[in-house]
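Participant: okay, here's the prediction I keep looking at, along with the sequence it came from:
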Amino acid sequence: MRAVITRILLSIVLACSFAGTEAAALSMMDPFNLPAAMDAGTVKAGDGVPFADGERFKLDVYAPEARGSALPVVFFIYGGGWNRGERADYEFAGRALAARGFVTVIADYRHVPEVRFPEFLEDNARALKWVEDNIEGYGGDPRRLFLAGHSAGAYNAVMLALDPSYLREFGVTMPILAVAALSGPYDFYPFEYNEVREAFGQAARPEGTQPINLVTADAPPMLLASGTTDPIVRVQNTQHLADRLRSQGVWVTTSYYEGYGHMEPVIALGALWRWRMPVLDDVVRFFSQFGAFPSGVPYVAVVPDPPQEQMEPMDEIITQLDQMFGPISR
(Lines give C-alpha, C1' and ligand atoms only; values in the text may rest on other atoms or scores of the structure.)
Protein backbone atom coordinates (compact mmCIF):
# COMPACT_ATOMS: atom_id res chain seq x y z
CA MET A 1 0.00 0.00 0.00
CA ARG A 2 2.81 2.41 0.82
CA ALA A 3 4.45 1.88 -2.56
CA VAL A 4 1.12 2.50 -4.24
CA ILE A 5 0.68 5.73 -2.27
CA THR A 6 4.13 6.94 -3.32
CA ARG A 7 3.41 6.32 -7.01
CA ILE A 8 0.05 8.06 -6.72
CA LEU A 9 1.53 11.12 -5.03
CA LEU A 10 4.23 11.43 -7.67
CA SER A 11 1.69 11.16 -10.47
CA ILE A 12 -0.33 14.00 -8.95
CA VAL A 13 2.67 16.27 -8.65
CA LEU A 14 3.71 15.56 -12.24
CA ALA A 15 0.19 16.32 -13.45
CA CYS A 16 0.25 19.63 -11.62
CA SER A 17 3.68 20.52 -12.98
CA PHE A 18 2.95 19.97 -16.65
CA ALA A 19 -0.79 20.66 -17.03
CA GLY A 20 -2.60 23.96 -17.32
CA THR A 21 -5.12 25.02 -14.70
CA GLU A 22 -8.15 23.68 -16.57
CA ALA A 23 -6.47 20.37 -17.43
CA ALA A 24 -5.19 20.02 -13.88
CA ALA A 25 -8.71 20.52 -12.56
CA LEU A 26 -9.75 17.46 -14.53
CA SER A 27 -6.76 15.31 -13.68
CA MET A 28 -5.92 16.28 -10.10
CA MET A 29 -8.54 14.01 -8.55
CA ASP A 30 -7.85 11.04 -10.81
CA PRO A 31 -5.23 9.38 -8.56
CA PHE A 32 -7.68 9.29 -5.65
CA ASN A 33 -10.02 7.28 -7.85
CA LEU A 34 -7.58 4.53 -8.80
CA PRO A 35 -8.79 1.10 -7.65
CA ALA A 36 -5.87 0.72 -5.23
CA ALA A 37 -6.77 4.06 -3.62
CA MET A 38 -10.46 3.32 -3.02
CA ASP A 39 -12.52 1.14 -0.70
CA ALA A 40 -13.19 -2.41 -1.80
CA GLY A 41 -16.47 -4.26 -1.31
CA THR A 42 -18.48 -1.64 -3.21
CA VAL A 43 -20.14 -1.43 -6.60
CA LYS A 44 -21.08 1.36 -8.96
CA ALA A 45 -24.75 0.42 -9.13
CA GLY A 46 -25.73 3.30 -11.40
CA ASP A 47 -23.45 4.98 -13.95
CA GLY A 48 -24.54 8.18 -15.66
CA VAL A 49 -28.22 7.69 -14.86
CA PRO A 50 -30.30 10.59 -16.24
CA PHE A 51 -32.53 12.38 -13.75
CA ALA A 52 -33.74 15.01 -16.25
CA ASP A 53 -33.10 16.02 -19.86
CA GLY A 54 -29.67 17.55 -20.37
CA GLU A 55 -26.00 16.64 -20.31
CA ARG A 56 -25.47 17.90 -16.76
CA PHE A 57 -28.46 16.01 -15.39
CA LYS A 58 -26.86 12.64 -14.74
CA LEU A 59 -25.92 10.83 -11.54
CA ASP A 60 -23.96 7.87 -10.23
CA VAL A 61 -25.00 5.46 -7.49
CA TYR A 62 -22.58 3.56 -5.24
CA ALA A 63 -23.58 0.74 -2.90
CA PRO A 64 -22.09 -2.08 -0.83
CA GLU A 65 -21.56 -5.27 -2.79
CA ALA A 66 -23.52 -7.21 -0.17
CA ARG A 67 -26.99 -5.71 0.19
CA GLY A 68 -29.85 -7.28 2.09
CA SER A 69 -32.49 -5.07 3.63
CA ALA A 70 -32.87 -1.48 2.46
CA LEU A 71 -29.93 0.78 3.34
CA PRO A 72 -29.70 4.45 4.32
CA VAL A 73 -29.07 6.93 1.51
CA VAL A 74 -26.49 9.71 1.30
CA PHE A 75 -26.91 12.36 -1.38
CA PHE A 76 -23.38 13.79 -1.71
CA ILE A 77 -22.88 17.17 -3.42
CA TYR A 78 -19.39 18.01 -4.63
CA GLY A 79 -17.88 21.49 -4.62
CA GLY A 80 -15.95 23.59 -7.10
CA GLY A 81 -16.94 27.19 -6.49
CA TRP A 82 -20.24 26.65 -8.36
CA ASN A 83 -18.30 26.91 -11.64
CA ARG A 84 -16.55 23.54 -11.94
CA GLY A 85 -16.69 19.94 -10.76
CA GLU A 86 -17.66 16.51 -12.07
CA ARG A 87 -19.36 13.61 -10.32
CA ALA A 88 -16.66 11.21 -11.56
CA ASP A 89 -14.00 13.12 -9.59
CA TYR A 90 -15.65 12.02 -6.34
CA GLU A 91 -15.98 8.30 -6.92
CA PHE A 92 -13.63 7.79 -3.95
CA ALA A 93 -16.15 9.57 -1.70
CA GLY A 94 -19.07 7.56 -3.06
CA ARG A 95 -17.25 4.29 -2.48
CA ALA A 96 -16.09 5.37 0.97
CA LEU A 97 -19.65 5.94 2.13
CA ALA A 98 -20.85 2.79 0.36
CA ALA A 99 -18.17 0.82 2.20
CA ARG A 100 -19.78 1.99 5.45
CA GLY A 101 -23.22 0.73 4.44
CA PHE A 102 -24.82 3.66 2.61
CA VAL A 103 -26.31 3.80 -0.86
CA THR A 104 -24.62 6.96 -2.12
CA VAL A 105 -25.79 9.21 -4.94
CA ILE A 106 -23.55 11.81 -6.61
CA ALA A 107 -25.25 14.00 -9.22
CA ASP A 108 -23.88 16.56 -11.62
CA TYR A 109 -25.45 20.01 -11.72
CA ARG A 110 -25.07 23.04 -13.95
CA HIS A 111 -22.31 25.55 -13.36
CA VAL A 112 -21.77 29.28 -13.53
CA PRO A 113 -21.87 31.02 -16.03
CA GLU A 114 -24.49 28.75 -17.65
CA VAL A 115 -26.63 29.24 -14.54
CA ARG A 116 -26.54 31.33 -11.40
CA PHE A 117 -28.25 31.27 -8.01
CA PRO A 118 -30.65 29.60 -7.39
CA GLU A 119 -30.54 27.31 -10.43
CA PHE A 120 -27.75 25.05 -9.17
CA LEU A 121 -29.84 24.47 -6.05
CA GLU A 122 -32.83 23.61 -8.21
CA ASP A 123 -30.71 21.11 -10.13
CA ASN A 124 -29.86 19.30 -6.90
CA ALA A 125 -33.50 19.35 -5.81
CA ARG A 126 -34.45 17.83 -9.17
CA ALA A 127 -31.92 15.04 -8.57
CA LEU A 128 -33.38 14.43 -5.12
CA LYS A 129 -36.77 13.86 -6.73
CA TRP A 130 -35.14 11.08 -8.77
CA VAL A 131 -33.76 9.64 -5.52
CA GLU A 132 -37.20 9.66 -3.93
CA ASP A 133 -38.76 7.92 -6.92
CA ASN A 134 -36.01 5.43 -7.78
CA ILE A 135 -33.53 4.69 -4.99
CA GLU A 136 -35.41 1.65 -3.70
CA GLY A 137 -34.46 -0.07 -6.94
CA TYR A 138 -30.80 0.33 -5.95
CA GLY A 139 -31.25 -0.97 -2.42
CA GLY A 140 -31.77 2.39 -0.71
CA ASP A 141 -34.41 3.47 1.76
CA PRO A 142 -35.82 6.93 0.86
CA ARG A 143 -37.11 7.28 4.43
CA ARG A 144 -33.49 7.39 5.65
CA LEU A 145 -32.06 10.24 3.59
CA PHE A 146 -28.96 12.18 4.58
CA LEU A 147 -27.28 15.06 2.75
CA ALA A 148 -23.53 15.60 2.60
CA GLY A 149 -21.35 18.03 0.70
CA HIS A 150 -18.00 19.75 0.45
CA SER A 151 -17.27 23.44 -0.15
CA ALA A 152 -19.86 24.83 -2.60
CA GLY A 153 -21.54 21.43 -2.30
CA ALA A 154 -21.78 21.90 1.45
CA TYR A 155 -23.48 25.24 0.81
CA ASN A 156 -25.92 23.53 -1.57
CA ALA A 157 -26.70 20.77 0.93
CA VAL A 158 -27.27 23.20 3.80
CA MET A 159 -29.45 25.48 1.68
CA LEU A 160 -31.65 22.57 0.59
CA ALA A 161 -32.05 21.61 4.24
CA LEU A 162 -32.81 25.14 5.45
CA ASP A 163 -35.15 26.29 2.67
CA PRO A 164 -37.78 23.60 1.93
CA SER A 165 -39.18 25.60 -1.00
CA TYR A 166 -36.58 24.09 -3.34
CA LEU A 167 -37.70 20.56 -2.54
CA ARG A 168 -41.38 21.45 -2.67
CA GLU A 169 -40.92 22.91 -6.14
CA PHE A 170 -39.96 19.46 -7.44
CA GLY A 171 -42.35 17.44 -5.30
CA VAL A 172 -39.72 16.02 -2.94
CA THR A 173 -41.39 14.80 0.25
CA MET A 174 -38.56 12.72 1.77
CA PRO A 175 -37.46 14.04 5.15
CA ILE A 176 -33.80 15.02 5.47
CA LEU A 177 -32.72 13.30 8.67
CA ALA A 178 -29.34 15.06 9.01
CA VAL A 179 -26.69 16.97 7.05
CA ALA A 180 -22.89 16.65 7.04
CA ALA A 181 -21.24 19.75 5.58
CA LEU A 182 -17.47 19.95 5.02
CA SER A 183 -15.57 23.20 4.47
CA GLY A 184 -18.70 25.08 3.48
CA PRO A 185 -19.43 28.83 3.03
CA TYR A 186 -22.51 29.91 4.95
CA ASP A 187 -21.92 33.57 5.82
CA PHE A 188 -20.09 35.34 3.00
CA TYR A 189 -22.16 38.43 2.18
CA PRO A 190 -21.22 41.07 1.06
CA PHE A 191 -19.71 39.39 -2.00
CA GLU A 192 -16.08 40.43 -1.93
CA TYR A 193 -14.64 37.99 -4.47
CA ASN A 194 -15.37 37.52 -8.17
CA GLU A 195 -16.25 33.83 -7.83
CA VAL A 196 -19.16 34.53 -5.52
CA ARG A 197 -20.20 37.72 -7.32
CA GLU A 198 -20.59 35.68 -10.50
CA ALA A 199 -22.73 33.07 -8.76
CA PHE A 200 -24.81 35.31 -6.47
CA GLY A 201 -24.39 38.95 -7.52
CA GLN A 202 -27.61 39.02 -9.53
CA ALA A 203 -29.82 37.76 -6.69
CA ALA A 204 -32.70 40.13 -5.97
CA ARG A 205 -32.20 39.64 -2.22
CA PRO A 206 -28.52 38.82 -1.70
CA GLU A 207 -29.00 38.36 2.04
CA GLY A 208 -31.40 35.53 1.19
CA THR A 209 -28.57 33.58 -0.43
CA GLN A 210 -26.88 33.16 2.95
CA PRO A 211 -27.60 30.01 4.97
CA ILE A 212 -26.96 31.83 8.24
CA ASN A 213 -30.00 34.04 7.52
CA LEU A 214 -32.34 31.09 6.89
CA VAL A 215 -31.90 29.13 10.12
CA THR A 216 -35.09 28.20 11.93
CA ALA A 217 -35.92 25.73 14.67
CA ASP A 218 -37.15 23.34 11.96
CA ALA A 219 -33.66 22.76 10.52
CA PRO A 220 -32.40 19.16 10.61
CA PRO A 221 -29.39 18.20 12.74
CA MET A 222 -26.10 19.27 11.18
CA LEU A 223 -22.47 18.20 11.37
CA LEU A 224 -20.30 21.15 10.36
CA ALA A 225 -16.63 20.35 9.77
CA SER A 226 -13.70 22.48 8.67
CA GLY A 227 -9.95 22.63 8.59
CA THR A 228 -8.71 25.37 10.90
CA THR A 229 -6.37 26.87 8.28
CA ASP A 230 -8.73 26.79 5.29
CA PRO A 231 -7.60 29.59 2.92
CA ILE A 232 -10.64 29.32 0.62
CA VAL A 233 -13.56 29.22 3.05
CA ARG A 234 -12.63 30.66 6.41
CA VAL A 235 -13.38 28.56 9.45
CA GLN A 236 -15.55 31.40 10.77
CA ASN A 237 -18.26 30.22 8.36
CA THR A 238 -18.60 27.01 10.33
CA GLN A 239 -18.40 28.79 13.67
CA HIS A 240 -21.04 31.38 12.78
CA LEU A 241 -23.53 28.89 11.38
CA ALA A 242 -23.04 26.56 14.33
CA ASP A 243 -23.76 29.42 16.74
CA ARG A 244 -26.91 30.40 14.83
CA LEU A 245 -28.19 26.82 14.74
CA ARG A 246 -27.62 26.41 18.47
CA SER A 247 -29.44 29.68 19.15
CA GLN A 248 -32.51 28.13 17.49
CA GLY A 249 -32.24 24.89 19.44
CA VAL A 250 -31.04 22.85 16.44
CA TRP A 251 -28.69 19.93 17.13
CA VAL A 252 -25.28 20.81 15.69
CA THR A 253 -21.94 19.03 16.02
CA THR A 254 -18.71 20.72 14.96
CA SER A 255 -15.45 19.06 13.97
CA TYR A 256 -12.35 21.22 13.52
CA TYR A 257 -9.32 19.58 11.94
CA GLU A 258 -6.31 21.38 13.35
CA GLY A 259 -3.80 22.61 10.79
CA TYR A 260 -5.68 21.39 7.72
CA GLY A 261 -7.00 23.46 4.83
CA HIS A 262 -9.79 23.33 2.30
CA MET A 263 -9.43 20.12 0.28
CA GLU A 264 -8.06 17.77 2.93
CA PRO A 265 -11.39 17.05 4.66
CA VAL A 266 -13.10 15.74 1.52
CA ILE A 267 -10.05 13.84 0.28
CA ALA A 268 -9.71 12.23 3.72
CA LEU A 269 -13.08 10.55 3.19
CA GLY A 270 -11.27 8.21 0.79
CA ALA A 271 -9.08 5.29 1.75
CA LEU A 272 -5.86 6.93 0.52
CA TRP A 273 -5.82 9.84 2.99
CA ARG A 274 -8.10 8.52 5.70
CA TRP A 275 -5.20 8.24 8.12
CA ARG A 276 -4.94 12.04 8.16
CA MET A 277 -8.21 12.82 9.96
CA PRO A 278 -11.35 10.96 11.07
CA VAL A 279 -13.77 12.64 8.65
CA LEU A 280 -15.50 9.44 7.54
CA ASP A 281 -15.89 8.22 11.11
CA ASP A 282 -17.27 11.62 12.13
CA VAL A 283 -19.85 11.58 9.33
CA VAL A 284 -20.95 7.97 9.89
CA ARG A 285 -21.15 8.43 13.66
CA PHE A 286 -23.27 11.55 13.21
CA PHE A 287 -25.66 9.96 10.72
CA SER A 288 -25.94 6.93 12.98
CA GLN A 289 -27.16 9.18 15.79
CA PHE A 290 -30.13 10.14 13.65
CA GLY A 291 -31.38 6.82 12.40
CA ALA A 292 -29.02 5.66 9.67
CA PHE A 293 -28.60 2.20 11.19
CA PRO A 294 -31.29 1.35 13.72
CA SER A 295 -29.72 -2.08 14.26
CA GLY A 296 -26.16 -0.80 14.64
CA VAL A 297 -23.42 0.23 12.20
CA PRO A 298 -22.74 -2.80 9.97
CA TYR A 299 -19.31 -1.90 8.55
CA VAL A 300 -16.02 -0.59 9.90
CA ALA A 301 -13.80 1.64 7.78
CA VAL A 302 -10.34 0.45 6.79
CA VAL A 303 -7.78 3.04 7.85
CA PRO A 304 -4.39 2.62 6.15
CA ASP A 305 -1.20 3.22 8.08
CA PRO A 306 0.49 6.56 7.43
CA PRO A 307 3.08 6.26 4.65
CA GLN A 308 6.69 6.15 5.75
CA GLU A 309 7.94 8.07 2.72
CA GLN A 310 8.68 11.79 2.64
CA MET A 311 5.53 13.92 2.84
CA GLU A 312 6.67 16.81 0.62
CA PRO A 313 4.65 15.53 -2.38
CA MET A 314 1.50 15.59 -0.29
CA ASP A 315 2.14 19.19 0.76
CA GLU A 316 2.61 20.08 -2.91
CA ILE A 317 -0.72 18.49 -3.75
CA ILE A 318 -2.51 20.66 -1.21
CA THR A 319 -0.84 23.79 -2.55
CA GLN A 320 -1.82 22.95 -6.10
CA LEU A 321 -5.40 22.10 -5.19
CA ASP A 322 -5.91 25.29 -3.22
CA GLN A 323 -4.45 27.39 -6.06
CA MET A 324 -7.24 26.12 -8.32
CA PHE A 325 -9.80 28.01 -6.25
CA GLY A 326 -10.20 31.64 -5.38
CA PRO A 327 -11.26 32.68 -1.88
CA ILE A 328 -14.99 32.67 -1.14
CA SER A 329 -15.07 34.32 2.27
CA ARG A 330 -13.01 36.84 4.19
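Facilitator: Arrived safely.

Participant: parallel or antiparallel, which strands does the strand ranked longest in the chain pair with?
Facilitator: Taking DSSP state E as the criterion, the chain has its longest strand at strand 140-150. Next to strand 140-150 in the sheet, as set by DSSP bridges, lie strand 71-77 (parallel), strand 176-182 (parallel).

Participant: how about the strands in the stretch 101-250 of the chain?
Facilitator: 103-107, 140-150, 176-182, 222-227 (DSSP state E, counting those that start in this stretch).

Participant: how about these, which one is nearest Ala292?
Facilitator: strand 140-150 (6.2 Å; Cβ to Cβ). Yep, even glycine has a C-beta here, placed from its N, CA and C like the rest.

Participant: any weak-confidence spans in this protein?
Facilitator: Along the chain, the parts satisfying pLDDT under 70 run over 1-27, 301-302, 304, 307-319, 321-326, 330.

Participant: redo that, cut-off 90
Facilitator: 1-32, 34-37, 66-69, 193-195, 272-273, 295-330 (pLDDT under 90).

Participant: follow-up on the earlier one: could I get the strands of the stretch 101-250 of the chain as a markdown table with distance to Ala161?
Facilitator: As requested, these are exported to a markdown table (distance: least, Cβ to Cβ, whole Å):
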| stretch | distance to Ala161 |
| --- | --- |
| strand 103-107 | 16 |
| strand 140-150 | 6 |
| strand 176-182 | 5 |
| strand 222-227 | 7 |
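
Participant: most tightly packed of those strands?
Facilitator: Each of the strands of the stretch 101-250 of the chain was scored by mean neighbour count; the highest is strand 103-107, a mean of 28, by mean count of other Cβ atoms under 10 Å.

Participant: direction included, what does that one pair up with?
Facilitator: Here, using DSSP bridges, strand 103-107 pairs with strand 58-64 (antiparallel), strand 71-77 (parallel).

Participant: those: which one's closest to Ala36?
Facilitator: Distance to Ala36, taken as Cβ to Cβ, is lowest for strand 58-64 among the strands paired with strand 103-107, at 17.3 Å.

Participant: just the residues contacting that closest one, thanks.
Facilitator: Strand 58-64 is contacted by residues 41-51, 71, 87-88, 91, 94-95, 97-99, 101, 103-108, 127, 130, 135, 138-140, 299 when judged by Cβ atoms under 8 Å, 6 or more residues apart in numbering.

Participant: before we move on, back to that, the inter-axis angle of the longest strand of the chain versus strand 222-227?
Facilitator: 40 degrees (axes from the mean of the first three to the mean of the last three Cα atoms, to 10 degrees).

Participant: centre-most residue in the chain?
Facilitator: Gly149 (2.5 Å; Cα atoms, centre = their mean).

Participant: was I right to think that one contacts Trp82?
Facilitator: No: the pair Gly149 / Trp82 is not scored as a contact, 12.0 Å apart, by Cβ atoms under 8 Å.

Participant: and Ala199, what does it touch?
Facilitator: Shown in contact with Ala199 (Cβ under 8 Å, 6+ apart): 81-83, 112, 116-117, 120.

Participant: likewise for Asp123?
Facilitator: Asp123 sits next to 56-57, 107, 109-110, 115 when contact means Cβ under 8 Å, 6+ apart.

Participant: again, only this time at 6 Å
Facilitator: By Cβ atoms under 6 Å, 6 or more residues apart in numbering, the contact set of Asp123 is 109-110.

Participant: same question, Ala152
Facilitator: If you count contacts by Cβ under 6 Å, 6+ apart, then Ala152 has 79-82 around it.

Participant: repeat that with 10 Å
Facilitator: Counting by Cβ atoms under 10 Å, 6 or more residues apart in numbering, Ala152 makes contact with 77-85, 109, 111-112, 120, 183-185, 195-196, 199, 232-233, 325, 328.

Participant: backbone torsions only: list them for the residue nearest to it when sequence neighbours are not counted.
Facilitator: Distances taken as Cβ to Cβ, 6 or more residues apart in numbering place Gly79 nearest to Ala152, at 4.2 Å, with adjacent residues excluded. Backbone dihedrals for Gly79, given as degrees, to the nearest 10, come out at phi -100, psi -160.

Participant: touching, Gly79 and Met263? I think so.
Facilitator: Yes: Gly79 lies in contact with Met263 (Cβ atoms under 10 Å); the separation is 9.1 Å.

Participant: joint contacts of those two?
Facilitator: 150-151, 182-183, 232, 325.

Participant: ok, of these, which one's closest to Leu280?
Facilitator: Leu182 (10.8 Å).

Participant: ok, back up a step: please, a PyMOL command that selects the buried ones among the contacts of strand 58-64?
Facilitator: Applying 16 or more other Cβ atoms under 10 Å to the contacts of strand 58-64, the buried members can be selected in PyMOL as follows:
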select buried, resi 42+43+45+46+49+51+71+87+88+91+94+95+97+98+99+101+103+104+105+106+107+108+127+130+135+138+139+140+299
